[in-house]
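> Sequence and predicted model, in that order:
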Amino acid sequence: MVNNPRQAALGGKTVTNYDYDPIQGLFNPAAINPEMDNQLSVNYNNYLGDVNYGTVAYAYLWDRRTQVINAGVTYINYGNFEGYDEQGNPTSDFSGGEVAVSVGHARNIPFTNFHYGANVKLISSKLEQYSSFGVAVDLGLMYVYEDWDLQITGVARNIGTQITPYDVEIEQLPFELIFGASQILERIPLRWHFTLENMQRWNVAFSNPDRETTDLEGNVTAENVNFFDHAIRHIIVGIELFPESGFNIRLGYNFRRGEELRIEERRAFAGISAGFGIKLNKLRLSYAYSKYNSAASTSFFGLNIDLQ
């Protein structure tokens, strides 16, 4: 789940931001740094249907030895559902939701440009009468070369297990490996972002039944899925214009979203996202708009407050 508008505008799952925003530490613990000290970030996403979710994060510079402690909460509300029994008779309505509480910390490897970090997450989920509790760890490693404004990173997310299952079976958490790089171009006010998602699993593409073709004799040919189709679906790209100014513009494209949600012979702009950020004294306002298909899009709002 995308954590803030900046990440959403850059295509989602961007792990290379190394700056003031403590929300980034929830997605990549290696990004936790002293610049986040006393920063509070609050974000809300009006997602598809009646689903909405949000994140809150705060970072505190404990001391020069311990450095920064980052903490946050992520919640998702699935809305209300009409209940029915096995025979289709109406029962009482119910709702569902999930909450994850995270605490993270990062350190610099002495005399190097490498930073490593970890998050510990407690996760609670409830749907109707069923509930589950789990614990997970995120691990991150980031290379920061300030002379070139370059960041390269890798993150292993959701290493953990259910403690209490919904019913009987213990289910696996959605483990994911993400790699990314970003850099501000020399003499050009632009930062590019390149992300590889779901690298723990190569075969992410599938043959879409809606793209089958039928010839005059009634023979059905399934969509051809090849090496390129799998490769392209791991890629997310984004750019930030005027990344270090009081106003910046963000654009992104998620290839997997674009490929899976595109409509044949119709331009739906699936996979495209855009947004902006404005700094007003000690406040930073952010907004992102993400397009899924002709009938579905989302808006993401964020506020970062400097409590110094």
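Arrived safely, thanks for sending.

> Wait, a strand at Tyr78?
Yes. Counting by DSSP: H, G, I helix; E, B strand; the rest coil, Tyr78 is found in a strand.

> That one touches Leu48, doesn't it?
No. At 10.7 Å, Tyr78 does not count as touching Leu48 under the criterion of Cβ atoms under 8 Å. Where C-beta positions appear, they are placed from N, C-alpha and C, glycine not excepted.

> the more surrounded of the two?
Neighbour count, other Cβ atoms under 10 Å: between Tyr78 and Leu48, Tyr78 has more, with 18 against 12.

> Summarise which helices and strands the helix or strand encompassing Arg157 is packed against.
Element membership for Arg157, per DSSP states H and E: strand 150-164. Using 3 or more Cβ pairs under 8 Å, 6 or more residues apart in numbering; DSSP states H and E, the elements in contact with strand 150-164 are strand 114-127, strand 130-145, strand 176-184.

> what's the angle from it to strand 114-127?
Put simply, strand 150-164 runs at 30 degrees to strand 114-127, going by axes from the mean of the first three to the mean of the last three Cα atoms, to 10 degrees.

> Can you list the buried residues in strand 150-164?
Neighbour counts using 16 or more other Cβ atoms under 10 Å place 151-158, 160, 162 of strand 150-164 among the buried residues.

> how about these in TSV, adding pLDDT and distance to Leu185?
Converted to TSV, these look like this (pLDDT from 0 to 100; distance: Cβ to Cβ, whole Å):
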residue	pLDDT	distance to Leu185
Gln151	97	14
Ile152	97	16
Thr153	97	19
Gly154	97	23
Val155	97	24
Ala156	97	29
Arg157	96	29
Asn158	95	33
Gly160	95	38
Gln162	92	45
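
> Which of those residues lies at the shortest distance from Asn226?
For these, the closest approach to Asn226 (Cβ to Cβ) belongs to Gly154, at 26.7 Å.

> so how far is the helix or strand hosting Val56 off the chain centroid?
Using DSSP H and E, Val56 sits in strand 52-63. Here the centre of strand 52-63 is set off from its chain's centre by 15 Å, with Cα atoms, centre = their mean, to the nearest Å.

> Stretch 113-126 too?
With Cα atoms, centre = their mean, you get 14 Å for stretch 113-126.

> can you pull the buried residues of it?
114-115, 117-119, 121, 123, 125-126.

> For it, give the mean pLDDT please.
Regarding stretch 113-126, the rounded mean pLDDT is 95.

> ok, now stretch 270-277?
Per-residue pLDDT over stretch 270-277 has a mean of 93.

> Same check on stretch 200-213?
Rounded mean pLDDT across stretch 200-213 is 79.

> Looking at the helices and strands packed on strand 150-164, spot the one closest to Ala31.
Nearest of the helices and strands packed on strand 150-164 to Ala31, taken as Cβ to Cβ: strand 130-145 at 6.2 Å.

> Tell me which other helices or strands the closest one touches.
Other helices and strands packing on strand 130-145, by 3+ Cβ pairs under 8 Å, 6+ apart, are strand 94-108, strand 114-127, strand 150-164.

> again, only this time at 10 Å
Other helices and strands packing on strand 130-145, by 3 or more Cβ pairs under 10 Å, 6 or more residues apart in numbering; DSSP states H and E, are helix 24-27, strand 94-108, strand 114-127, strand 150-164, strand 176-184.

> Could you check how far the first one is from the centre of its chain?
Helix 24-27 has its C-alpha centroid displaced from the chain centroid by 9 Å (Cα atoms, centre = their mean).

> Can you list the buried residues in the helix or strand just after that helix?
Later in the chain than helix 24-27, the nearest helix or strand by DSSP H and E is strand 39-46. Using 16+ other Cβ under 10 Å as the test for burial, strand 39-46 gives 39, 41-45.

> same check, this time on stretch 288-297
Buried residues in stretch 288-297, defined by neighbour count with 16+ other Cβ under 10 Å: 288-293, 297.

> Where strands are concerned, which of these count?
Judged by DSSP state E, the subset of these located in strands is 288-293, 297.

> Asn38: how many residues sit nearby?
The tally of other residues near Asn38 (other Cβ under 10 Å) stands at 13.

> Excluding sequence neighbours, find me the nearest residue to it.
Leaving aside its sequence neighbours, Asn38 sits nearest to Leu307 (Cβ to Cβ, 6 or more residues apart in numbering; 4.4 Å).
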